[in-house]
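1. Requesting a structural model of the entry that follows:
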Amino acid sequence: MNDLDEALLLTVRPELTLVHPATKRVIAWCRLHGVASEQLDRVELPLVEAMNNAIEHGCADRTDSVVRVTVRVEPSSIIVTIQDPGRFEPPANWIELPEDLVAEGGRGGFIINTGTDGWEHANPPDGHRLTLRWNVAIQTGQGLESAAAAESEIGRLTEDLANSFETLLGLTHFAGLLATSASFDQLLVKVRDRLITMLPHQHLLTRFVTGDQLVLHTLGVSLAAAAELPIGAPFAESSCARERRPLVGSRVNLPAHDPLAPFAAQLCVLPVEFGGKTLGTLAVTRGDGAPAFSAGEVELLQAVADFIGIAKATDNLWLERNQQLRLEQEIEVAANIQRSLLPATFPDKSRWQVHGECRPAREVGGDYFDVVTLSDGSLLLLIADVMGKGVPASLLAAMLRSSLRALAAVQSSPGTILTGINHQLFPDLVGLGMFITAVLVSLPANRDTAPVFANAGHCPPAVFRKDGQIIEPDGGEAPLGVLPCTDYQDNPLPIAPGDRLLLYTDGCYELPGLDGATLLGADHYLRFASAFLHLGPADFTAVLLDPLALHLDPATIADDRTVLVASLRP
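-> Residues are numbered from 1 along each chain as shown. Model (predicted):
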């Protein structure tokens, strides 16, 4: 280890504005001792993060405290020790990224862990100490050992300090622009206008990532630039976005076919980033005879690029949130429509006692049921399952209801009505690639007419007899929307006084069993239902839709569930 007099000692007041100049001092001191510039690229970010933490947390509420930084360059490493008066024990997840990537804090440990070759926390009696290590290869004889070189480096440091002050003023102004701009486009206009007065330049271009392209933001563009550039192309802006590194230089370094080559005697291209993700690029050009971009100007433009990144990320979040809100509003409207289509009350003067309920798996589902009272007092009971979920399924359910009610006004035969519905909906169902399963039951108003049903590929009706038998009558054709000319038939439904009719959808029984793998099954579901026949129709319906009664986890339910029950009144 080097002796103490070979170390750089810095005392930094707890002010965040001093972190940047102090970091530059550390980088310059390491360069003076033979560390190559390319090896120092990875030192700055974790060092800044560590010093920020020491000031913000270690010196919190200690206005008279200081942060002490010790730097040593050893034969194969850089060792930096940062001492503050606080106390800190890193939690177990200190080196992990936070779940909320746009949170204000929580990334320090991740940055320090990934940006160094070793670190160590300690809490001696006088405060908290963080030691950082980077493995480097010292270039013997390459350090700035001559007096002339040292003087040049001191001059560069002096310029850096001046540039840092210029950047600080720029940061203050652009922070105000970010806070007062009503929109992202307005911010870009203000940035362009402000840079005209602050920084001599010819053209300013911003591009943003869309898929695998860099798309030009046309606001304020004063040259005929390509609207899109492939990120994989060998152009300056593409390389900057791809490699996430600034490109500063003259056009002699650009390929002849680069879109910026004709305009940029001097060029500065910077990545626009947020949360570790490249969002786009900021390119600024100068014409013939203009000076090269200074270090301070590059720092100022990088600050601008950083603020544009913050604004762009915020704008993207707002757009995503607004789209989500619109979708949620559309779903809520569809859900309200669907709820309004379901029967709110059931006939109370019919000889049949009826009750039904639908439980969508999502806000909007594909299950539907209806109870229609005909002019002669007979009842039509419909239960249906539209293939699919969400808004399209609910809209098809609405079309099904309209067709049912229109045909029921002139027909009473379940088979004839389903045939008509299939004829009306077939073109729409085929176009959407969807189909509907359904059962339509006719319950007569007088005792001289027998109940009948028609089945379009749905679960058969279940009749629970007084003697304990469960009858599932045969009969049925293809689902609606499968065949254009299906002739649906009426089938007898053997139901007598004291029996109970159950219509249900497959979501009621296609549920994971107790082992979490095998499905519950229709037979098991019907046996379960038979244990509650003593309940009235409303309570019977509630039990059949209660997953806890079936000893199931409600979270495992992924399909809509609908039941419709009927029995003769005593």
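
2. and the next element down the chain from the helix or strand of the chain with the lowest mean pLDDT?
-> Sorting the helices and strands of the chain by mean pLDDT, DSSP states H and E puts helix 147-180 at the bottom, at a mean of 50. Note on helix 147-180: by DSSP states H and E, the next helix or strand toward the C-terminus is helix 184-198.

3. okay, now residue 38: neighbour count?
-> Other residues near residue 38 come to 7 when the count uses other CB atoms under 10 Å. Heads up, the C-betas are built off the backbone N, CA and C, glycines and all.

4. Check what pLDDT it gets.
-> Here the pLDDT value assigned to residue 38 is 80.

5. for residue 477, same thing?
-> 93.

6. Okay, now the unreliable bits of the stretch 351-500 of the chain?
-> 362-365, 388-390 (pLDDT under 70).

7. Recalculate using a threshold of 50.
-> Nowhere does the stretch 351-500 of the chain drop to pLDDT under 50.

8. in it, which spans are helices?
-> Using DSSP state H, counting those that start in this stretch, the helices of the stretch 351-500 of the chain run over 390-408, 414-432.

9. Make a markdown table out of the ones you listed and add distance to residue 204.
-> Listed next are those as a markdown table, based on distance: least, CB to CB, whole Å:
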| stretch | distance to residue 204 |
| --- | --- |
| helix 390-408 | 44 |
| helix 414-432 | 49 |
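
10. can I get the ones you listed in CSV with distance to residue 509 and mean neighbour count?
-> Converted to CSV, those look like this (distance: least, CB to CB, whole Å; neighbours: other CB atoms under 10 Å):
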stretch, distance to residue 509, mean neighbour count
helix 390-408, 20, 19
helix 414-432, 23, 20
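
11. Quick one, which of these gets closest to residue 552.
-> helix 390-408 (23.3 Å; CB to CB).

12. Can you name the residues in contact with that closest one?
-> With contacts defined as CB atoms under 8 Å, 6 or more residues apart in numbering, helix 390-408 is touched by 330-331, 334-335, 337-338, 341, 362, 364-368, 370, 372, 374, 380, 382, 384, 386-387, 416-417, 420-421, 424-425, 428-429, 432, 434, 436, 438, 440, 480.

13. ditto for stretch 73-80
-> By CB under 8 Å, 6+ apart, stretch 73-80 touches 1-2, 6, 26, 29-30, 33-35, 43, 47, 50, 69-72, 117, 131-138.

14. Can you give the distance of that stretch from its chain's centre?
-> Distance of stretch 73-80 from the chain centroid (CA atoms, centre = their mean, to the nearest Å) equals 43 Å.

15. Next SSE downstream of the strand or helix carrying residue 268?
-> Assessed by DSSP H and E, residue 268 sits inside strand 266-274. Going down the chain from strand 266-274, the next helix or strand is strand 277-286, by DSSP H and E.

16. That following strand pairs with which strands, parallel or anti?
-> Paired neighbours of strand 277-286 in the sheet (DSSP bridges): strand 203-210 (antiparallel), strand 266-274 (antiparallel).

17. In a markdown table, list the ones you listed along with mean pLDDT.
-> Converted to a markdown table, the strands paired with strand 277-286 look like this (pLDDT from 0 to 100):
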| stretch | mean pLDDT |
| --- | --- |
| strand 203-210 | 89 |
| strand 266-274 | 89 |
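
18. Of all the ones you listed, which one is nearest residue 566?
-> strand 203-210 (57.0 Å).

19. thought residue 215 was touching residue 205?
-> No - look at residue 215 against residue 205 with CB atoms under 8 Å: they stay out of range, at 11.3 Å.

20. and those two? which has more neighbours close in?
-> Each of residue 215 and residue 205 has its neighbours counted (other CB under 10 Å); residue 205 has more, 23 against 16.

21. Give the rounded mean pLDDT of whichever strand or helix holds residue 337.
-> Using DSSP H and E, residue 337 maps to helix 295-341. Across helix 295-341, pLDDT averages out at 79.

22. Summarise which helices and strands it is packed against.
-> In terms of contacts (3 or more CB pairs under 8 Å, 6 or more residues apart in numbering; DSSP states H and E), helix 295-341 is packed against helix 147-180, helix 184-198, strand 266-274, strand 277-286, strand 367-373, helix 390-408.

23. And it, how far out from the chain middle?
-> Using CA atoms, centre = their mean, the offset of helix 295-341 from its chain centre is 11 Å.

24. Please work out the angle formed by the directions of that helix and helix 184-198.
-> On the basis of axes from the mean of the first three to the mean of the last three CA atoms, to 10 degrees, helix 295-341 is oriented at 170 degrees to helix 184-198.

25. This completes my enquiry, with thanks.
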